[in-house]
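below are the sequence and a predicted model; questions follow.
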Amino acid sequence: MAEYVEQRMEEMLGEVEQMERVNLLDNREVKELLKKRKHFEYKIQKRTKTREDFLSYIQYEVNLLSLLDIRRENTGYQHKKAEIEGGIRTRVNKLYKILEHRFQSDVNIWLSHIQFLKTIKWDSSVSRIYLRLLQVHNDKPRLWVAAAKWEFEHVGNPDNGRQIMLRGLRFLPTSWVLHREYLKLELLYVEQLRKRG
């Protein structure tokens, strides 16, 4: 376990050094960051992992992203975003994926992940997470509706939205909510086609 944690800490070193080099964090803050991350890494590597261990690590990293945004705004320094914030975002995404795998029945974890991805504008990842979510929770009409609306309204792909709704109706043929929302979606689609033509 210790070897794995040390390896993970080494992987983060470049990103942390960049934060200090560009004065987004001072030396004391960098030491505190490394200490906290090491603590979190040990917590998620222990034998009995809890949902709270992952969620507290995710929240810490999201708070760090917010702090970096504020510091960048104050200093006006916008370089090295891909290396610094990109690494943090990727880490949070991985933590959510591990969490979803371990606690698949908790819909709120999935929805939190989707909300995080929407916030950082990783739209293609949102679509993939919705599809994975529907594989696990295909008995919940509101999730089918949310996934279809995402495809239709945000991605701009009405065909995918319609396909998702049709799959949902195959799983839940008696769902009044799905039938109503599918009809709304079809009417919106017809309206779009009418405006184009």
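Good, I have the coordinates. Residues are numbered from 1 along each chain as shown.

I would like the residues contacting stretch 157-167, please.
Residues outside stretch 157-167 that contact it (CB atoms under 8 Å, 6 or more residues apart in numbering) are 127, 130, 134, 144-145, 147-153, 178, 181-182, 185-186, 188-189, 192. Just so you know, the C-beta spots here come from the backbone N, C-alpha and C atoms, and that holds for glycine as well.

of those, grab the buried ones for PyMOL.
A single PyMOL command selects the buried members of the contacts of stretch 157-167 (16 or more other CB atoms under 10 Å):
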select buried, resi 127+130+134+144+145+147+148+149+150+151+152+178+181+182+185
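
distance-wise, check Arg170 relative to Pro141.
According to CB to CB, to the nearest Å, Arg170 and Pro141 sit 12 Å apart.

and the two? which has more neighbours close in?
More neighbours surround Pro141 than the other of Arg170 and Pro141, with 19 against 9 (other CB atoms under 10 Å).

do I have it right that the more buried one meets Pro173?
No. Using CB atoms under 8 Å, Pro141 is not in contact with Pro173, being 11.2 Å away.

grab the longest helix from the chain for me.
Under DSSP state H, the helix in the chain containing the largest number of residues is helix 51-75.

which elements pack onto that helix?
Helix 51-75 is packed against helix 27-45, helix 81-102, helix 107-119, with contacts defined by 3 or more CB pairs under 8 Å, 6 or more residues apart in numbering; DSSP states H and E.

could you dump the ones you listed to JSON lines with distance to Arg72?
JSON lines is the format used below for the helices and strands packed on helix 51-75 (distance: least, CB to CB, whole Å):
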{"stretch": "helix 27-45", "distance to Arg72": "15"}
{"stretch": "helix 81-102", "distance to Arg72": "8"}
{"stretch": "helix 107-119", "distance to Arg72": "16"}
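
will you turn these into CSV that also has mean pLDDT, mean neighbour count and distance to Glu6?
Shown next, in CSV, are the helices and strands packed on helix 51-75 (pLDDT from 0 to 100; neighbours: other CB atoms under 10 Å; distance: least, CB to CB, whole Å):
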stretch, mean pLDDT, mean neighbour count, distance to Glu6
helix 27-45, 94, 15, 9
helix 81-102, 94, 16, 16
helix 107-119, 97, 17, 27
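
nearest to Leu13, of these?
Ranking the helices and strands packed on helix 51-75 by proximity to Leu13 (CB to CB) places helix 27-45 first, at 8.4 Å.

lowest-pLDDT helix or strand in this protein?
helix 2-21 (a mean of 88; mean pLDDT, DSSP states H and E).

can I get it in PDB, CA atoms only?
Output of helix 2-21 as PDB, limited to C-alpha atoms (Å, rounded to 0.1, in the frame of the first residue of the first chain):
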ATOM      1  CA  ALA A   2       2.700   2.500   0.900                       C
ATOM      2  CA  GLU A   3       4.500   1.900  -2.400                       C
ATOM      3  CA  TYR A   4       1.400   2.700  -4.300                       C
ATOM      4  CA  VAL A   5       0.800   5.800  -2.300                       C
ATOM      5  CA  GLU A   6       4.400   7.000  -2.800                       C
ATOM      6  CA  GLN A   7       4.100   6.300  -6.600                       C
ATOM      7  CA  ARG A   8       0.800   8.400  -6.700                       C
ATOM      8  CA  MET A   9       2.600  11.200  -4.800                       C
ATOM      9  CA  GLU A  10       5.500  11.200  -7.300                       C
ATOM     10  CA  GLU A  11       3.000  11.400 -10.200                       C
ATOM     11  CA  MET A  12       1.500  14.600  -8.600                       C
ATOM     12  CA  LEU A  13       4.900  16.200  -7.900                       C
ATOM     13  CA  GLY A  14       5.200  17.900 -11.300                       C
ATOM     14  CA  GLU A  15       1.800  19.500 -11.000                       C
ATOM     15  CA  VAL A  16       2.500  20.700  -7.500                       C
ATOM     16  CA  GLU A  17       5.900  22.100  -8.500                       C
ATOM     17  CA  GLN A  18       4.200  24.100 -11.300                       C
ATOM     18  CA  MET A  19       1.700  25.600  -8.700                       C
ATOM     19  CA  GLU A  20       4.600  26.800  -6.600                       C
ATOM     20  CA  ARG A  21       6.800  28.000  -9.600                       C
END
